[in-house]
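Chemist: Following is a predicted model, sequence given first.
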Amino acid sequence: MNKNEFIAAVSESKSLAKLELSKSAISTVIDAALSTIEASLKKGDEVRLVGFGNFYTSKRAASKGRNPRTGEAIQIKASRLPKFRAGKQLKEQVNTGKK
C-alpha cells in the first residue's frame, strides 16, 4: 500500500465517515503526524503509541567497509537509525487477522 492508497483507505474508514473530511484534509493530518514523529526522532525522543507500537532510534557505530566496485577500504560513519517496535495489540491483530 502506498501513501495515496493509505489516504484513500483512511478516508473510507467508518469512524471518519461522520466527520466528512476530504482526502486533502486527511492527507494534511497524516503528513503532520508523520512529520511530528520525524521531529521527535531527530531530537532523540521516543514516540509511544499505546497498543500500536514505539518509534525510536538506535545508534550504529562507525565501521570499516569495502567498496564493492574497486575493493578499496572505506570508513563508514556512525549514524542513528529509526526503528519501530510493534505493540502487543498490533501483534495480536496481525496474527489473528484474515489474509
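Modeler: In hand now; what should we look at?
Chemist: Can you check the pLDDT for the nearest residue to K23 once chain neighbours are set aside?
Modeler: Setting aside the residues directly before and after it, K23 is nearest to S11 in space (C-beta to C-beta, 6 or more residues apart in numbering), at 5.1 Å. Every residue, glycine included, has its C-beta placed from N, CA and C. Here, the pLDDT recorded for S11 equals 88.
Chemist: My guess is S11 contacts I26. True?
Modeler: Yes. The criterion here is C-beta atoms under 8 Å, and S11 meets it with I26 at 5.2 Å.
Chemist: before we move on, the earlier item: quick one: contacts for the residue nearest to K23?
Modeler: Contacts for S11 (C-beta atoms under 8 Å, 6 or more residues apart in numbering) come out as L21, S22, K23, I26.
Chemist: mind exporting the helix or strand in which the last one is found as CSV, just the C-alpha atoms?
Modeler: Element membership for I26, per DSSP states H and E: helix 23-43. Coordinates of each C-alpha in helix 23-43 appear next as CSV, following Å, rounded to 0.1, in the frame of the first residue of the first chain:
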residue,chain,number,x,y,z
LYS,A,23,-8.9,13.4,1.1
SER,A,24,-6.7,16.5,1.1
ALA,A,25,-7.6,17.2,4.8
ILE,A,26,-6.8,13.6,5.7
SER,A,27,-3.5,13.9,3.8
THR,A,28,-2.6,17.0,5.7
VAL,A,29,-3.3,15.3,9.1
ILE,A,30,-1.3,12.2,8.1
ASP,A,31,1.6,14.4,6.9
ALA,A,32,1.5,16.4,10.2
ALA,A,33,1.5,13.1,12.2
LEU,A,34,4.5,11.7,10.3
SER,A,35,6.5,15.0,10.5
THR,A,36,5.8,15.1,14.2
ILE,A,37,7.2,11.6,14.6
GLU,A,38,10.2,12.5,12.5
ALA,A,39,10.9,15.6,14.5
SER,A,40,10.7,13.7,17.8
LEU,A,41,13.1,11.1,16.5
LYS,A,42,15.6,13.8,15.3
LYS,A,43,15.6,15.1,18.8
